[in-house]
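Just the structure for this:
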Amino acid sequence: MFLLPFRFLKIYAFLLNYISVKCPIGEMIKVLAATVTAFSTILIPAIVASWLLSLTIRTHFGGVVVTPKRLLTAFAVPCIFAIRELRRKSLSLSGIVAAFYVGFVLTISNVGFITCLLVFFYTSSKLTKFRAVRKAKQDSGQEPTRNWMNVLNNGGVPTGLALLYILEVGCMDTPVNFSDPRYYTSSWLSVAILASIACACGDTWASEFGSAVGPSTSMLITSGKRVPAGTNGGVSVLGTLASMSGGAVIGVTFMITNYVARDSQSLQWSLAVLGFWSGFFGSTLDSFLGATMQYSGFDEDAKKVVGTPGPGVKHISGVNFLNNHAVNFISCFTTALLSPMLYAYLVNAMVP
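Predicted structure coming up:
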């Protein structure tokens, strides 16, 4: 514990060096002064108050007290992510606030949750910028700067489940073991959170990678007819493989993180299989909802797919009932509900 301040000094020095690449010395001094002021007047009292509150609550219920180190980490991780996204202009101000809230809840609840979310956001941001010019020609719905709705439609479900995890289990890293009554609740919530993030990652990989390197047309999931790339509900072989890969990456991430954090004896490969399935199922459900509940049309003037009817727009599929945010949320929520039951059945089937 006595080494903790030195670790955070190293982190802060890294952040200053990271910012100084594009900031003049005058701006650096302003950043330093503002950070010291904010840390001394806001963050330290907030951390102490949160720790005292957690001490009271968890002692009353007989749970594990949240350590100051865990609280500091829960504040530091979202801050680092926020600085990175501000520099890259990937998130708006509202998106930064929402991302900080999501990051804090997931970090303080279980280290595996935030690791999965960071992998999802990092890989998705890379894929979003991959061949962005080609994707912009196909679909007018691209948003270069994401706001709070973009953050919460993918991070809202795991954040809500993580809050339940904190209330029911506490702020700790627990094993995934449905056969042990002590860990049944924590296992159910952990698997649901893993599945929701894998669903979001799989769907994002499918749409971004499929539209970037796939053919100019895709197949509508409900009818099988060929439609322009970027159509809601359009699927392709490359997109389907990408959704499975994205989900599997999240599953492997949680598996490795849980193995390291818990110092387990063996890797739980069933978690990787669950991530693989969640990415595929979530992306498929997203495509089905997109083909039926979202409007897709082709703008003859702009020569691209649009999501709202209008003059010169030829209808392709769906009705104008849901938007992308609602479809993503429903897909993540449904996948999170079904996955714990599937995982428990899968593990029981694998045990001789």
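
Could you tell me which ranges of the chain sit under the pLDDT cut-off?
Counting by pLDDT under 70, the chain has low-confidence residues at 1-65, 130-145, 211-212, 214-216, 263-265, 348-352.

in it, which spans are helices?
In the chain, the helices defined using DSSP state H lie at 4-19, 25-38, 44-61, 68-88, 93-109, 111-129, 132-138, 148-168, 184-213, 237-262, 269-293, 324-350.

Quick one, which of the ones you listed gets closest to residue 221.
Closest to residue 221 of these, according to C-beta to C-beta: helix 269-293, at 4.6 Å. Every C-beta, even on glycine, is put in place using the N, C-alpha and C of the backbone.

buried ones in that closest one?
Across helix 269-293, burial judged by 16 or more other C-beta atoms under 10 Å covers 270-293.

who are the neighbours of it, in terms of helices and strands?
helix 184-213, strand 234-235, helix 237-262, helix 324-350 (3 or more C-beta pairs under 8 Å, 6 or more residues apart in numbering; DSSP states H and E).

now that helix, how far from the chain's geometric center?
14 Å (C-alpha atoms, centre = their mean, to the nearest Å).

could you give the angle of it to helix 184-213?
60 degrees (axes from the mean of the first three to the mean of the last three C-alpha atoms, to 10 degrees).

Pick the most deeply packed of the helices of the chain.
helix 184-213 (a mean of 27; mean count of other C-beta atoms under 10 Å).

That one: how far from the chain's middle?
8 Å.

and it, what does it pack onto?
helix 111-129, helix 132-138, helix 148-168, helix 237-262, helix 269-293, helix 324-350.

could the ones you listed go into a markdown table alongside distance to residue 299?
Compiled in a markdown table, those are given as follows (distance: least, C-beta to C-beta, whole Å):
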| stretch | distance to residue 299 |
| --- | --- |
| helix 111-129 | 22 |
| helix 132-138 | 11 |
| helix 148-168 | 23 |
| helix 237-262 | 22 |
| helix 269-293 | 18 |
| helix 324-350 | 17 |
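
so which of these comes closest to residue 231?
helix 269-293 (8.1 Å).

angle of the closest one against helix 237-262?
Going by the same axes, to 10 degrees, helix 269-293 makes 140 degrees with helix 237-262.

now helix 269-293 against helix 111-129, angle please.
Using the same axes, to 10 degrees: helix 269-293 against helix 111-129 is 50 degrees.

please renumber so the chain begins at 150
New numbering, starting at 150: the last item is helix 418-442.

Looking at the helices and strands packed on helix 333-362, which is nearest to residue 358?
Closest to residue 358 of those is helix 386-411 (C-beta to C-beta; 4.1 Å).
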